[in-house]
Structures are given as C-alpha cells and as structure tokens.
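> next comes the sequence, and after it the predicted model I'd like to discuss.
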Amino acid sequence: MAKQANLYSFPSVKDNLAPALRAYVISCQEAGLARHGVFKVAVSGGSLPKTLAQALLAPPSGPNDEVKWDKWEIFFADERAVPLDHQDSNYFLLKQELLDKLPAGTGQPTVHPIDTEYLDDTQELADQYEQALVRSFASRDSVKLPIFDLLLLGCGPDGHTCSLFPGHELLRETSAWVAPIEDSPKPPPKRVTLTLPVVTHAVRIAFVATGGGKKEIMKQIFEEGAGLPCALVNEGAGERASWFVDNDAVEGVSYPRRPFSL
Ligand SMILES: O=C1O[C@H](COP(=O)(O)O)[C@@H](O)[C@H](O)[C@H]1O
C-alpha cells in the first residue's frame, strides 16, 4: 500500500513546531543544494509566513542548522492580483513577516513576485508567472512539470490550499503550471495559483496548520478526504507530504501521528 502523508503534531508552535519545521526545511534545503546547487521553494500566504518566520529567524543551533538564504529561490504558491505593497498581497506579507527581518549581513534570497504590470488580466498574470517558472526550471518543452524542492503551504478552514478551492474547476487543470482564478470564494476574488499537478509533484510538501479553528477541516481532510484540495495533495503526494500542526488543530482527529524525525 502507498505510504500516506505524515502528520506531526506539537504542543506549542513556538517551542516545538517551529524548531521541527526549521529542521525539516534545512534538510530539504541541503537535499536541493546537493541536487542542483540552489533551493527552489514556493510559499503560501495566510498564517504561514508568521510561523515560518518563527522557524527560520531563530539563531542557528550549530553548523548544520544554517539557513543558506543566498541559495534560496522563492516563488509564491499563490498570489492575489493586487499591487505588491497591498495588505492582501502574499508577497507583502512574506516581506513583512520574514524577508525584511533577515539578519544583517545575511545573503539575500532570489524572490519571484508576480509581474504587477498584468494585474488587470489574470490569465496574462498567470502566464507571465508560468514564464518565470519556465526560466528557472528550464524550458516547458524539456520539463513536463517544475519540480520544487519544497512547497510550504497553508490550509484554509474550508480545506483550500494555494488558491485551489473545494469543488472549483481549477482542481481539474492538468496542463497549466500556473492558473488564474477570478471567483475565489475568499476575498480578494482575483488570484493566480500553482496547479494541482505542480503541487503534487514537488519533492517535498510541508503544510502548516495551527489553532483550534482548523480542527473541523482537519477531521474532514484526514478522516474523509471528500475531494478537498488539501486531501487531494495528500493523495497525490503520499509520504512526500508532511503536516506540521499544533495539538489544537488536530484535537479529536483519528489519524496516526508520527513522532517527528528527519
Ligand atoms: O487565501 C489564502 O489562504 C490560505 C490559507 O490561509 P490561512 O490564513 O488559513 O493559513 C493560504 O495558504 C493562501 O496562500 C492564501 O492566499
């Protein structure tokens, strides 16, 4: 039987989840660097950047605990069609929570925001972002899908991830790497998102979900599946998907937790 997604649950975000997430990200970083000399990662917005900052801005505990920022290439798993300094922008959020707080003297990551010249045309916005992936991952002709070293994803209270929403036709997209959405049920309505095949083909996928507000949807994802976007990622990625959650988010959820180890 195919191995299933890993569920790691921790009593405290700051004291347990964040250090484990850091260790996981660094191990993915080292694997990416060994593979191709860079670390290609895509990140979500929402509550994720804050937890990510807790994990990655902590001082290193030793020589094997270094975040090699200058080797990171950061893409966005989804983005809202708004200017980069807008409160709704996932780029703005990541910048505020993490990028602006990198310690002085640290090498800077290469960050790939959307091209805001195309905000009025979400199809073009998505196509342009796909072209950024093509440039980074080599041509679309030679690469069937971009394979990220790591995706760092959130899970909305309705089971959405990236801007892939429950029941939406975008879940059936098989060709595009990046797709537009103009009717997101969560505002703002206009966005672009990585598609499901790109998400499920990443080398590693880490979901972060915290707080009691997520427990009902976590039950549905892990006990029923029910075609929810997060469950589809679990099904497609199997053991390559790992969930970093606090105990509140999975209270009462029947699914085997694993002790965290690399
Ligand atoms: O709209 C979005 O929501 C999801 C989930 O957000 P959260 O606050 O519940 O963690 C997020 O992952 C996505 O990037 C964002 O655009």
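Noted; the coordinates are in hand.
> for the residue in the chain that the ligand sits nearest to, which non-adjacent residue is spatially closest?
Closest contact between the chain and the ligand, by C-beta to the nearest ligand atom, is at residue 46 (2.2 Å). Placement of C-beta: from N, CA and C, glycine included. Nearest residue to residue 46, sequence neighbours excluded (C-beta to C-beta, 6 or more residues apart in numbering): residue 154, at 4.2 Å.
> residue 107 too?
residue 70 (2.6 Å).
> swap in residue 149?
Nearest one to residue 149, counting by C-beta to C-beta, 6+ apart, is residue 32 at 3.4 Å.
> near the ligand at all, stretch 150-163?
Yes - Stretch 150-163 is in contact with the ligand by C-beta under 6 Å from any ligand atom, via 154, 156, 163.
> average pLDDT for that stretch?
On average, the pLDDT along stretch 150-163 is 98.
> quick one: the helices in the stretch 1-150 of the chain?
Assigned by DSSP state H, counting those that start in this stretch, the stretch 1-150 of the chain shows helices spanning 18-36, 48-56, 90-97, 122-137.
> can you add mean pLDDT and distance to residue 181 and give these back as a markdown table?
Listed next are the helices of the stretch 1-150 of the chain as a markdown table, based on pLDDT from 0 to 100; distance: least, C-beta to C-beta, whole Å:
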| stretch | mean pLDDT | distance to residue 181 |
| --- | --- | --- |
| helix 18-36 | 97 | 28 |
| helix 48-56 | 98 | 19 |
| helix 90-97 | 98 | 14 |
| helix 122-137 | 97 | 7 |
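> closest to residue 202 out of these?
For those, the distance to residue 202 is smallest for helix 18-36, at 9.6 Å, taking C-beta to C-beta.
> got the buried residues for the closest one?
Buried positions in helix 18-36, judged by neighbour count with 16 or more other C-beta atoms under 10 Å: 18, 19, 20, 21, 22, 23, 24, 25, 26, 28, 29, 32.
> tell me where the protein has strands.
Under the criterion DSSP state E, the chain contains strands at 6-10, 39-43, 72-76, 78-80, 110-111, 150-153, 178-181, 191-194, 205-209, 241-246.
> in JSON lines, list those strands along with distance to residue 63 and mean neighbour count.
Converted to JSON lines, those look like this (distance: least, C-beta to C-beta, whole Å; neighbours: other C-beta atoms under 10 Å):
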{"stretch": "strand 6-10", "distance to residue 63": "25", "mean neighbour count": "21"}
{"stretch": "strand 39-43", "distance to residue 63": "17", "mean neighbour count": "25"}
{"stretch": "strand 72-76", "distance to residue 63": "18", "mean neighbour count": "22"}
{"stretch": "strand 78-80", "distance to residue 63": "35", "mean neighbour count": "27"}
{"stretch": "strand 110-111", "distance to residue 63": "24", "mean neighbour count": "14"}
{"stretch": "strand 150-153", "distance to residue 63": "21", "mean neighbour count": "27"}
{"stretch": "strand 178-181", "distance to residue 63": "37", "mean neighbour count": "24"}
{"stretch": "strand 191-194", "distance to residue 63": "33", "mean neighbour count": "28"}
{"stretch": "strand 205-209", "distance to residue 63": "23", "mean neighbour count": "26"}
{"stretch": "strand 241-246", "distance to residue 63": "24", "mean neighbour count": "24"}
